[in-house]
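Student: please work out how this folds:
(one chain, ligands or ions: 1)
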Amino acid sequence: MSQKVAVVTGGTGGIGTAICKKLAAAGHKVWAADIADDAKGAEWVAARKAEGFDFGYVRADVTDTEGCAAAIAKVGPVDILVNNAGITRDAVFKKLSKVDWDAVMGTNLDSVFNMTKPVIDGMLERGWGRIINISSINGQKGQFGQTNYSAAKAGMHGFTKALAQETAKKGITVNTISPGYIGTDMVMAIKEEIREQIIAGIPVGRLGKPDEIAALVTYLASDDAGFITGSNVAINGGQHMF
Ligand code: NAP
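Tutor: Got it, this is the predicted structure:
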């Protein structure tokens with residue numbers, strides 16, 4: 001497969017870094033787009049360089065429509081977009097503030113509009129593109145204390161299905177990945193006792209690995225996956241089957 005240009009939002013995070021590495025190993029030119037300033041981005045690039053990777057970094061706050069357009073203008077034509085940036089602001093709905101509702105909607109769902117908009121015309125013109133939205137098991141099944149996150153993550157897949165139909169004839173695929181619990185810093189920070197309870201509910205008997213998500217992203221980004229569009233791939237160790 002020829003070298004493509006990939007942008008991974010939240011690319012310096014736990015899952016994002018693994019996605020950047022696997023896409024690079026598949027031969028693509030990879031840019032991490034993240035909210036950290038250019039100095040922190042440069043530190044991340046230098047640390048990855050020491051591991052043998054040659055990444056670009058572009059600052060992009062995915063809640064900022066104009067900022068995303070400016071970031072994509074810096075990168076140039078993008079063939080593969082991975083909408084991976086995400087946050088949680090958990091509270092039971094009775095206590096959920098509008099601020100936390102808006103923050104989660106902005107980062108997890110508005111982001112998909114903000115980043116896809118500036119790349120889609122080029123993909124349509126070139127007749128090839130891959131858009132991969134990182135959702136969550138909790139967007140599929142709902143989760144206590146996460147009305148905001150569950151709604152935003154479910155919304156991502158609605159976007160996937162609609163855009164997949166609009167772009168299928170133009171060589172573009174649009175897919176969602178819904179990870180279950182993955183052993184990132186965020187999950188490892190959960191109290192061990194609670195984490196053990198979570199693991200007990202996963203038939204495979206362990207947390208997922210960032211590399212497992214990254215391998216699926218890399219496959220969906222490949223030419224081999226050209227017949228997969230509009231799908232929502234669950235990668236959750238059997239925790240939720242539908
Ligand atoms: P993470 O390590 O916290 O990574 C998220 C990244 O997004 C961070 O680099 C973060 O930057 C960045 N980010 C936050 N707000 C942003 C904004 N406004 N603009 C641009 N970037 C922003 O989390 P992760 O575990 O790798 O999660 C990656 C994705 O997988 C998320 O969408 C998450 O919802 C989804 N997911 C994760 C799990 C899991 O078990 N970990 C399970 C299901 C789904 P800062 O760190 O500087 O804030």
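Student: quick one: list the elements packing against the longest strand seen in the chain.
Tutor: Ranked by residue count under DSSP state E, the longest strand found in the chain is strand 172-179. In terms of contacts (3 or more C-beta pairs under 8 Å, 6 or more residues apart in numbering; DSSP states H and E), strand 172-179 is packed against helix 111-126, strand 129-134, helix 137-141, helix 147-167, helix 210-220, strand 232-235. C-beta here means a position set from N, CA and C on the backbone, and glycine is covered the same way.
Student: ok, which of the ones you listed comes nearest G201?
Tutor: Among the helices and strands packed on strand 172-179, helix 137-141 comes nearest to G201, with 10.9 Å by C-beta to C-beta.
Student: E66 sits in which helix or strand?
Tutor: Element membership of E66 [criterion: DSSP states H and E] is helix 65-75.
Student: does the ligand sit close to the longest strand of the chain?
Tutor: Yes. Counting by C-beta under 6 Å from any ligand atom, the ligand has neighbours in strand 172-179: P179.
Student: now for the residue lying closest to G142 once chain neighbours are set aside: which residues touch it?
Tutor: Nearest residue to G142 in three dimensions, chain neighbours excluded: S150, at 4.8 Å (C-beta to C-beta, 6 or more residues apart in numbering). With contact taken as C-beta atoms under 8 Å, 6 or more residues apart in numbering, S150 is in contact with 136, 138-139, 142-143.
Student: quick check: the residue nearest the centre of the chain vs R195, distance?
Tutor: Among the residues of the chain, N84 comes closest to the average C-alpha position under C-alpha atoms, centre = their mean, at 1.8 Å. Noted for N84: a distance of 23 Å to R195, by C-beta to C-beta, to the nearest Å.
Student: near the ligand, which residues of this structure show up?
Tutor: Within the chain, the positions lying close to the ligand (C-beta under 6 Å from any ligand atom) are 9-10, 12-16, 34-36, 60-63, 84-87, 107, 134, 136, 179, 181-182, 184, 186-187.
Student: do I have it right that P118 meets I72?
Tutor: Yes. Using C-beta atoms under 8 Å, P118 is in contact with I72, at 4.0 Å.
Student: having no further points to raise, I will conclude here.
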